[in-house]
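Colleague: What follows is a protein structure lacking sequence information:
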């Protein structure tokens, strides 16, 4: 997949400017992290890339054939079995029934939930629900996986499982864009980091250098406010 | 008053086959009307919840207002439409149970549509982005959300049933309250009240309330059972 | 997994459920049945319940009675929504025939109107003279309940005020309550208000919630209340079931039908008096 570029993207919702001349060039492979304080426009950027939000101005280039999948902070699951939830992501793909069943099975196996295919998804634990959401995303074989704080509500062991899955999917060639407040997680997963502040990209660089020695005052202020994580990141 | 109540319970014991037939007709007419209301109202409500277009909020407002459509007006309009001299007179529906089903369906449909729209709109807040992100078409999203809110929609169906079975204005006008043919619980109660037989009217009223309670209880049981099975 | 398809399926099943009783209910009335538009007085007095089984047993024809005020009943027939009308407002019936909605009118039966009021009779109306009674009510401004629904009884009431020489429009006040309802509800209102009311004897006899109401004026020949029956002219409305409708009328005026009407009693009192053929005054 070619890279994603956003040029001078403006997004105004209900007269509030969310994104303000945002320009980004996201590399075509690996995991790119979007970080920044609340309200910086991270989630909005993901939604613009996915097409869920239409920018007020500017231009967006996502490779035409790129199949996208979005995993939200709160897994949005329907009141049906785990298998039905995964199959839902395959509906627009017009696969044969057998193919759909096979992909569903494989996706559930992939996230370690094969044995719970028939159970109601809404009764899964938080970690299981997020793995299921990942399975649904993965089943469609996306070229681009957009993750909006996927582990924010999970306990450490569930977080570890989800992170492992994300890393595997990226290793297999899926481009991942990850929004996270967890800088240790960013340090563990991402190859490059984009720092957003007030609807603009203020810094973009390799993870380690960006986290350890930010160049801009905005990035520095953000990382300083997150001291415990910076120290962890430094230690890793 | 206590005397009337005492008599009412005495009359309950002696209610005959006529009453059973009337109750059965009421039940059939109202359940049919609700079924039609659900078939038309659920897709309409879901459509309004998942799409955005010009005039949508006006349509939603209209629908909400139509929840309070006066039954007697619906009855009167349908009477003129179904009358032999009216545009659909050749159907021969006036003064038949079919006309009563039609009248109650007209009352039930906007109610179902408006409540469905609200239920689906709430579900859409939670699921809408994900479904759009999955690339599902609007009809498909509506279908998924209907499926997802099916237990709440049972309540919608019950509300529509309550409105249908308890109304009298429409069935009286288009049904004609014909003994043994279009007499429902409500028109029978009204007739007995007019005849001054208040204890019989009250006894019939108790039967009607029992009917409504029973239908609600059955729905609650089914709903509970289904919810346990499918989360 | 095809679950969205399943909700479509569910809706389809519901559609079937909704439509199935429509099929079960006859879309048009079954061949051997007629719609008779009649008055609340005949229905609420229980007359039809008494006579119809005999007719059905003899002919196999089901009679569906829609009970309305006389005016409404005639209107329903004018629109073609009834095959036969059985009402009690001679002037309106004659107009119906004159307008070509029926070819002929047949006498069936009569009963009479009675003035009902509180036993105490504060206005002092008791007697056999309806016009005198009404004049006393108007003078005393005693509460009076009027049907106000263009029914035969309502017409009879208005006629009586006229005969009493009272211009209702001029004297009408708080005391004159126009309820716009059938005989039963009007009687219920009269009972609640302790008011006078003109009622047909049949409904009065069948009425159960009398409280302290009693008959105060009866036997005035001006209170004679004849019922007529008419077949709606098929030239106006081709859907009219001529054969079955005529069979009903023929039976009503036949000795069998007339006997059946005469045999209907409540508490030993006869409600309706057969009058087929030349009308006999009471």
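Modeller: Great, that's in hand. All values derive from a computational prediction rather than experimental measurement.
Colleague: C-alpha only now, for contacts and for neighbours.
Modeller: OK.
Colleague: Helices of chain B, start to end?
Modeller: For chain B, applying DSSP state H gives helices covering B:2-14, B:17-50, B:56-66, B:71-82, B:97-133, B:138-148, B:150-166, B:169-175, B:185-194, B:198-230.
Colleague: and residue A:63, which of those is closest to it?
Modeller: Of all the helices of chain B, helix B:97-133 sits nearest to residue A:63, with 16.5 Å by CA to CA.
Colleague: Ok, which of the helices of chain B comes nearest residue C:214?
Modeller: Here helix B:185-194 is closest among these (CA to CA), at 17.7 Å.
Colleague: same for the closest one, what does it pack against?
Modeller: Under the contact definition 3 or more CA pairs under 8 Å, 6 or more residues apart in numbering or on different chains; DSSP states H and E, helix B:185-194 sits against helix B:17-50, helix B:198-230, helix C:183-193.
Colleague: I'd like a version of those in a markdown table, one that adds mean neighbour count as further columns.
Modeller: Shown next, in a markdown table, are the helices and strands packed on helix B:185-194 (neighbours: other CA atoms under 10 Å in any protein chain shown):
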| stretch | mean neighbour count |
| --- | --- |
| helix B:17-50 | 23 |
| helix B:198-230 | 16 |
| helix C:183-193 | 22 |
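Colleague: Mean pLDDT lowest where, among the ones you listed?
Modeller: Mean pLDDT is lowest for helix B:198-230 among the helices and strands packed on helix B:185-194, at a mean of 87.
Colleague: Tell me which of the helices and strands packed on helix B:185-194 lies nearest to chain A.
Modeller: Chain A sits nearest to helix B:198-230 of all the helices and strands packed on helix B:185-194, at 5.7 Å, using CA to the nearest CA.
Colleague: ok and that closest one relative to helix B:17-50, angle-wise?
Modeller: Helix B:198-230 and helix B:17-50 meet at an angle of 50 degrees, taking axes from the mean of the first three to the mean of the last three CA atoms, to 10 degrees as the criterion.
Colleague: how far off helix B:185-194 does helix B:198-230 point, in degrees?
Modeller: Here helix B:198-230 runs at an angle of 160 degrees relative to helix B:185-194 (the same axes, to 10 degrees).
Colleague: Helix B:198-230 packs against which elements?
Modeller: Against helix B:198-230 (3+ CA pairs under 8 Å, 6+ apart) you get helix B:2-14, helix B:17-50, helix B:150-166, helix B:185-194.
Colleague: Go through those helices and name the closest to residue C:67.
Modeller: Nearest of the helices and strands packed on helix B:198-230 (CA to CA): helix B:185-194, 10.3 Å.
Colleague: how distant is the closest one from the center of its chain?
Modeller: Averaging C-alpha positions (CA atoms, centre = their mean, to the nearest Å) puts helix B:185-194 20 Å from its chain's average.
Colleague: Next: stretch A:147-155.
Modeller: Counting by CA atoms, centre = their mean, stretch A:147-155 comes out at 9 Å from the chain centroid.
Colleague: likewise stretch A:165-184?
Modeller: Relative to its chain's centre, stretch A:165-184 lies at 7 Å (CA atoms, centre = their mean).
Colleague: buried residues in that stretch?
Modeller: A:165-167, A:169-170, A:173-184 (16 or more other CA atoms under 10 Å in any protein chain shown).
Colleague: First-to-last residue distance for it?
Modeller: Terminal residues of stretch A:165-184 are spaced 17 Å apart (CA to CA, to the nearest Å).
Colleague: Show residues contacting that stretch.
Modeller: A:1, A:28-36, A:42-43, A:46, A:111, A:138, A:142-150, A:152, A:186, A:189, A:229-230, A:232-233 (CA atoms under 8 Å, 6 or more residues apart in numbering or on different chains).
Colleague: if you look at the buried residues of stretch A:165-184, which of them are in strands?
Modeller: Judged by DSSP state E, the subset of those located in strands is A:175, A:176, A:177, A:178, A:179.
Colleague: Show me the domain layout of chain A.
Modeller: Following automatic domain parsing, one gets these domains for chain A: A:1-66+A:144-206, A:71-142.
Colleague: Residues of chain B that sit close to chain A?
Modeller: Within chain B, the positions near chain A by CA under 8 Å from any CA of the partner chain are B:126-127, B:129-130, B:132-136, B:144, B:147-148, B:230-231.
Colleague: burial count for residue B:70?
Modeller: Number of residues near residue B:70 (other CA atoms under 10 Å in any protein chain shown) recorded here: 13.
Colleague: ugh, typo on my part, it should be residue C:74
Modeller: Neighbour tally, residue C:74, other CA under 10 Å: 27.
Colleague: Now do the contacts for the closest residue in space to it that isn't next to it in sequence.
Modeller: Closest residue to residue C:74 apart from its sequence neighbours, by CA to CA, 6 or more residues apart in numbering or on different chains: residue C:85 at 6.9 Å. By CA under 8 Å, 6+ apart, residue C:85 lies in contact with C:36, C:37, C:38, C:73, C:74, C:77, C:229, C:230, C:231, C:232.
Colleague: For the stretch 101-250 of chain C, just list every one of the strands.
Modeller: C:102-118, C:144-146, C:176-178, C:196-200, C:213-217, C:224-232 (DSSP state E, counting those that start in this stretch).
Colleague: Give me the outermost residue of chain B relative to its centroid.
Modeller: Most distant from the centre of chain B: residue B:133, at 36.2 Å, with distances by CA atoms, centre = their mean.
Colleague: which residues does that one contact?
Modeller: Residue B:133 touches A:50, A:51, A:52, A:69, A:70, counting by CA under 8 Å, 6+ apart.
Colleague: same deal with residue A:75?
Modeller: A:129, A:130, A:133.
Colleague: Format those as JSON lines; extra columns: distance to residue C:137 and pLDDT.
Modeller: Formatted as JSON lines, the contacts of residue A:75 follow (distance: CA to CA, whole Å; pLDDT from 0 to 100):
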{"residue": "A:129", "distance to residue C:137": "82", "pLDDT": "95"}
{"residue": "A:130", "distance to residue C:137": "84", "pLDDT": "94"}
{"residue": "A:133", "distance to residue C:137": "84", "pLDDT": "95"}
